[in-house]
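> Coordinates for the following, if possible.
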Amino acid sequence: MKYSLLFLWSCLGCSWSLWAQEPSVAADQMTMTEAVVLGVVEGVTEYLPVSSTGHLILASQAMGMGADPTYRKSVNAYLVVIQLGAILAVMTVYGEYIKKMFLGLLNKNAEGKKLVCNLLIAFLPAAVAGLLLDEFISKVLYGLWYVVGAWLLGGLALLKWNGEEKENATECARLEELSLKKSFVIGSMQVIAMWPGVSRSLVTIIGGRWVGLSLRDSVVFSFLLGMITLTAATFYKLLQSGTEMVDSLGLKTILIGIVIAYFSAWIAVKTMVAYLKKHGLGLFGIYRIALALVTAFLLTKGLLNA
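All right, here's what the predicted structure looks like:
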């Protein structure tokens, strides 16, 4: 997993180099290189506790994709839609759970039916809050200073929580034992993650541990819940801004970014659970703090747009 973070640093460095040397081909088109960079950043970060949205905002700003307000609106919509690649990656890796859930919907698998109910209950808080706060989040919280604050606070909280987690390690419940009430608690944590930079994966994993799930099952539930939440957010954004986004960015580059996000997310998901069982979440706390400080420095020097 540390190599994934190093790879991510190199992608952000590539973004910075592109911003300095290669502006977009046209004000109303996304370049192939920009699509690939955003796809890698989305895929690597979506299910890591570091905030994919925060990284996408940083990468897109570093590549100079935020100068024109109208174009920026389309870019911000794409930063949601590109999640489709990561959603498909989870469906590939956790196909056994998807099968159980499908059979549960047909009333042929009790375990799958319970999991579907738990996920839908967990999805509700973010669905309601998202509809109410979408415009505020898009217009205000997509600024890099807000992202920096979330990275820093989340990193400090993660280091503290990780230390306590190691000290108080106990036998934990399995995913099959999760109740509707506890599912709602985990889902409520997602509302906090609507602040870009917080990380949906981070708060739902911690939420799972808080209600008594094992770390492994907390991660699995976070991934499956993300599949539902991100799918809803993606299609809501497509209905809201899809035509404008395609006209501004170009359908070909949009699809390429999604495909790249799929493959990079597949790798990240496959390696994350094994990494967490051995090392915990401490490295991600350090990474978040370091990234917040570097980004804050670039902002104060005027090298990035706030």
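> Going along the chain, name the helices of the stretch 201-306 of the chain.
Ranges of helices in the stretch 201-306 of the chain, per DSSP state H, counting those that start in this stretch, are 215-249, 251-279, 282-300.
> Give me the packing partners of the second one, helices and strands only.
Put plainly, it is helix 251-279. Contact partners of helix 251-279 among helices and strands, from 3 or more C-beta pairs under 8 Å, 6 or more residues apart in numbering; DSSP states H and E: helix 2-21, helix 32-45, helix 69-81, helix 83-93, helix 215-249. Placement of C-beta: from N, CA and C, glycine included.
> quick one: which of the ones you listed is nearest Leu119?
The closest of these to Leu119 is helix 215-249. By C-beta to C-beta, the value is 5.6 Å.
> any idea of the mean pLDDT for that closest one?
Here helix 215-249 scores 91 as its mean pLDDT.
> start the count at 48, not 1, going forward
I'll keep to 48 as the first residue from here, and by that count the last item is helix 262-296.
> angle of that helix against helix 116-128?
150 degrees (axes from the mean of the first three to the mean of the last three C-alpha atoms, to 10 degrees).
> okay, and the helix or strand of the chain with the least pLDDT?
The least trusted helix or strand in the chain, going by mean pLDDT, DSSP states H and E, turns out to be helix 49-68, with a mean of 46.
> Spatially central residue in this structure, please.
The centroid of the chain falls nearest to Glu93 when counting by C-alpha atoms, centre = their mean (3.3 Å).
> Can you give me the neighbour number for the closest residue to it other than its chain neighbours?
Spatial nearest neighbour of Glu93, excluding adjacent residues (C-beta to C-beta, 6 or more residues apart in numbering): Ala133 at 3.9 Å. Neighbour count for Ala133, taken as other C-beta atoms under 10 Å: 30.
> which phi and psi does the residue nearest to the centre of the chain have?
With angles defined as degrees, to the nearest 10, Glu93 sits at phi -60, psi -40.
> Just the pLDDT for it.
With respect to pLDDT, Glu93 has a value of 88.
> okay, how far is it across stretch 103-121, tip to tip?
13 Å (C-alpha to C-alpha, to the nearest Å).
> buried stuff in it?
Residues of stretch 103-121 classed as buried by neighbour count (16 or more other C-beta atoms under 10 Å): 103-113, 118-121.
> which residues sit against the strand or helix carrying Lys228?
For Lys228, the element it lies in under DSSP states H and E is helix 227-239. For helix 227-239, the surrounding residues in contact (C-beta atoms under 8 Å, 6 or more residues apart in numbering) are 164-166, 168-173, 176, 245, 247, 250-251, 253-255, 257-260, 268, 272, 276.
> sec struct for the residue lying farthest from the centre of the chain, please.
Most distant from the centre of the chain: Lys155, at 32.2 Å, with distances by C-alpha atoms, centre = their mean. Using DSSP: H, G, I helix; E, B strand; the rest coil, the structure places Lys155 in coil.
> Next up, phi/psi of it, please.
When read as degrees, to the nearest 10, the backbone of Lys155 gives phi -120, psi 0.
> so what pLDDT did it get?
Looking at Lys155, its pLDDT reads 94.
> so how many other residues sit close to the spatially closest residue to Val316 that is not a sequence neighbour?
Nearest residue to Val316 in three dimensions, chain neighbours excluded: Val140, at 4.9 Å (C-beta to C-beta, 6+ apart). Using other C-beta under 10 Å, Val140 has 20 other residues around it.
> Contacts only, for Val266.
So Val266 contacts Ile252, Gly255, Met319, Val320, Leu323 (C-beta under 8 Å, 6+ apart).
> Please consider this matter closed, and thank you.
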